[in-house]
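Enquirer: give me a 3D structure for the following:
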Amino acid sequence: MPAAALAAARRDPLTDLLGRPDVLAFTERLLHTARRDAVHVLVLDAIDFKTVNDTFGHAAGDDVIRTMGQRLARWTSGRRAIAARLGGDEFAVTAVLPHTSALGDITALREQLQQPLTHEGRTLCVGMSVGIARAADLPGEDASRLMRGADMAMYKVKTGAETFPYLATREDAYADTVNGRRAGRTGTHLPVA
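Expert: Numbers count the residues shown, from 1 in each chain. Prediction:
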């Protein structure tokens, strides 16, 4: 397979973003080449996305996902950053951000993602839950642990257990998983014994 076809195959067809393996590899490289206090991993998840699909149809849902991907790509361009679609309505971003402006930059990203969009003459508004893992807060941890911490932080914000902006703790990075997924996510139930 030619290199161009191989590169295209790694991209999500709806958003043209890369996937989890690419964001993890990029994060690992940053952990070895950038200052840890500047490396931030974000996990972002749309709020009540199922309502968009149920109310307006899957084409509207696809439009929301596509728009989120475009907005993330714009935000990461010109930065030492990468955006990826993890699946469904969940995304990840790894970025090198100055410690002094990082939370402001991430807040601005969240606001951009929450801007209304139009689909077939209808205005759609979708909120975003954002979890943040800062490498400096998790010394010695690898990209996978940072991603797990950001995922758990996002979940805590989404459920109201914490408020945005919430920075992942070591406890978040070591949260229990079921089959590699955060407990409480679809498909993570354990069979009854």
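Enquirer: as a whole number, average confidence for the lengthiest helix in the chain?
Expert: Ranked by number of residues, the top helix in the chain under DSSP state H is helix 58-76. Confidence for helix 58-76, expressed as mean pLDDT, is 92.
Enquirer: and it, what's buried?
Expert: Of the residues in helix 58-76, 60-61, 63-65, 67-69, 71-72, 75-76 count as buried by neighbour count, 16 or more other C-beta atoms under 10 Å. For every residue, glycine as well, the C-beta is placed using N, CA and C.
Enquirer: ok so Leu14 is a helix residue?
Expert: No: assigned with DSSP: H, G, I helix; E, B strand; the rest coil, Leu14 falls outside any helix and is coil.
Enquirer: if I look at the closest residue to Gly88 other than its chain neighbours, how far off is Asp62?
Expert: Nearest residue to Gly88, sequence neighbours excluded (C-beta to C-beta, 6 or more residues apart in numbering): Phe49, at 7.6 Å. As defined by C-beta to C-beta, to the nearest Å, Phe49 lies at a distance of 11 Å from Asp62.
Enquirer: and for Leu124?
Expert: 12 Å.
Enquirer: again with Ala84
Expert: For Ala84, the distance to Asp62 - C-beta to C-beta - is 18 Å.
Enquirer: again with Asn53
Expert: 9 Å.
Enquirer: and if you look at Ser101?
Expert: Per C-beta to C-beta, Ser101 is found 33 Å from Asp62.
Enquirer: again, but for Ala161
Expert: 30 Å.
Enquirer: so where's this structure uncertain?
Expert: Scanning the chain for pLDDT under 70 picks out the ranges 1-9, 177-193.
Enquirer: quick one on the thing from earlier: tell me what the helix or strand following the longest helix of the chain is packed against?
Expert: Sequence order places strand 81-87 as the next helix or strand after helix 58-76, per DSSP states H and E. Packing partners of strand 81-87 (3 or more C-beta pairs under 8 Å, 6 or more residues apart in numbering; DSSP states H and E): helix 20-33, helix 58-76, strand 90-96.
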